[in-house]
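Colleague: sequence unavailable; structure follows:
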């Protein structure tokens, strides 16, 4: 996958690979000291695209391995916070997609660990992949333990993963607002989870929607490999930075 900025005609279409990922807060649209909450691509000192993970997840979930995304601004549309609109737009193209890229296979288990956050990739003999995310928030956060799994098929992605929206805890929402972020967005547009576990001024699409969205992000970030992955992946408490690290380790294996 490549991303072309039509408003930056001197910049060639940029491969959506981990080599171009930045963790710089300013490039990610955040004040200093706030960890990135998205995946952002740069070339040199030029910001090309931020919040690419939902579109990347839609492409990977539908089995599309070669595409050029054209945008005329530095951020892909967040839409309703899920990948559903991207899937609906891409689904007709997916019917004609043919995958000629050899998948990345593993000779051994590969793991990245950062405290309690882990991502484990296990070799798989059969073609395809499975990806599972285990969400584990501390008591009193409003979210307990949830898990969501994708079997690697486009049908399951469209039905079970794509509709899951991004979310944050109420205390996170207050901190982001205090930093001057998302002031134009209300809980009706973005899931805000209250301390009792219910969404503020909203309703869940799935009882485990937060875990499903974490799975959605994981699928999109693993697409930074630039090729399909033939493995079984289990992620626990991980975020974007952990998946970026996992992709780098997989490519070096």
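Modeller: Received the coordinates, thanks. Values in this document were obtained by computation on a predicted structure and should not be read as measured data. Numbering: from 1, shown residues only.
Colleague: any stretches of the stretch 1-150 of the chain with poor pLDDT?
Modeller: The stretch 1-150 of the chain contains residues with pLDDT under 70 at 33, 96-99.
Colleague: which parts of it are strands?
Modeller: All strands of the stretch 1-150 of the chain, identified by DSSP state E, counting those that start in this stretch, fall at 2-5, 14-15, 21-22, 40-43, 46-50, 68-71, 104-105, 110-114, 117-123, 130-136, 145-150.
Colleague: quick one: list the elements packing against the fifth one.
Modeller: Packing partners of strand 46-50 (3 or more C-beta pairs under 8 Å, 6 or more residues apart in numbering; DSSP states H and E): strand 2-5, strand 40-43. Quick note: C-beta positions are derived from backbone N, CA and C, even for glycine.
Colleague: show the contacting residues for residue 101.
Modeller: 65-66, 227-228 (C-beta atoms under 8 Å, 6 or more residues apart in numbering).
Colleague: what's stretch 24-33 in contact with?
Modeller: 22, 34-38, 40, 42, 47, 50, 75, 179-181.
Colleague: those residues: which two are farthest apart?
Modeller: For the contacts of stretch 24-33, the farthest-apart pair by C-beta to C-beta is 42 and 180; their separation is 22.6 Å.
Colleague: give me the more crowded residue out of the two.
Modeller: residue 42 (17 against 8; other C-beta atoms under 10 Å).
Colleague: show me the contacts for that one.
Modeller: The contact partners of residue 42, by C-beta under 8 Å, 6+ apart, come to 20, 22, 24, 27, 48.
Colleague: and of the strands of the stretch 1-150 of the chain, who's closest to residue 61?
Modeller: Nearest to residue 61, of the strands of the stretch 1-150 of the chain and by C-beta to C-beta, is strand 145-150 at 7.6 Å.
Colleague: now the angle from that closest one to strand 130-136?
Modeller: 170 degrees (axes from the mean of the first three to the mean of the last three C-alpha atoms, to 10 degrees).
Colleague: thinking again about what came up before, which of the helices and strands packed on strand 46-50 sits most buried?
Modeller: With neighbours taken as mean count of other C-beta atoms under 10 Å, these reach their highest mean count in strand 40-43, at a mean of 21.
Colleague: okay, helices next: where are they in the chain?
Modeller: For the chain, the helices defined by DSSP state H cover 53-62, 84-94, 154-156, 170-178, 209-222, 240-252.
Colleague: so what touches the first one?
Modeller: Which is helix 53-62. Counting by C-beta under 8 Å, 6+ apart, 1, 16, 38-39, 65, 67, 69, 76, 78-79, 82-83, 86-87, 90-91, 94, 97, 150, 154, 157-158, 161-162, 216-217, 219-224, 228, 240 sit against helix 53-62.
Colleague: stretch 3-11: how far from the chain's middle?
Modeller: Taking C-alpha atoms, centre = their mean, to the nearest Å, the mean C-alpha location of stretch 3-11 is offset from the chain mean by 23 Å.
Colleague: likewise for stretch 210-224?
Modeller: Mean-position distance between stretch 210-224 and its chain equals 4 Å (C-alpha atoms, centre = their mean).
Colleague: likewise for stretch 183-198?
Modeller: The answer for stretch 183-198 is 19 Å, by C-alpha atoms, centre = their mean.
Colleague: what would the strands of the stretch 1-150 of the chain look like in JSON lines with distance to residue 57?
Modeller: Output for these, formatted as JSON lines (distance: least, C-beta to C-beta, whole Å):
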{"stretch": "strand 2-5", "distance to residue 57": "15"}
{"stretch": "strand 14-15", "distance to residue 57": "17"}
{"stretch": "strand 21-22", "distance to residue 57": "15"}
{"stretch": "strand 40-43", "distance to residue 57": "15"}
{"stretch": "strand 46-50", "distance to residue 57": "14"}
{"stretch": "strand 68-71", "distance to residue 57": "13"}
{"stretch": "strand 104-105", "distance to residue 57": "18"}
{"stretch": "strand 110-114", "distance to residue 57": "19"}
{"stretch": "strand 117-123", "distance to residue 57": "16"}
{"stretch": "strand 130-136", "distance to residue 57": "10"}
{"stretch": "strand 145-150", "distance to residue 57": "10"}
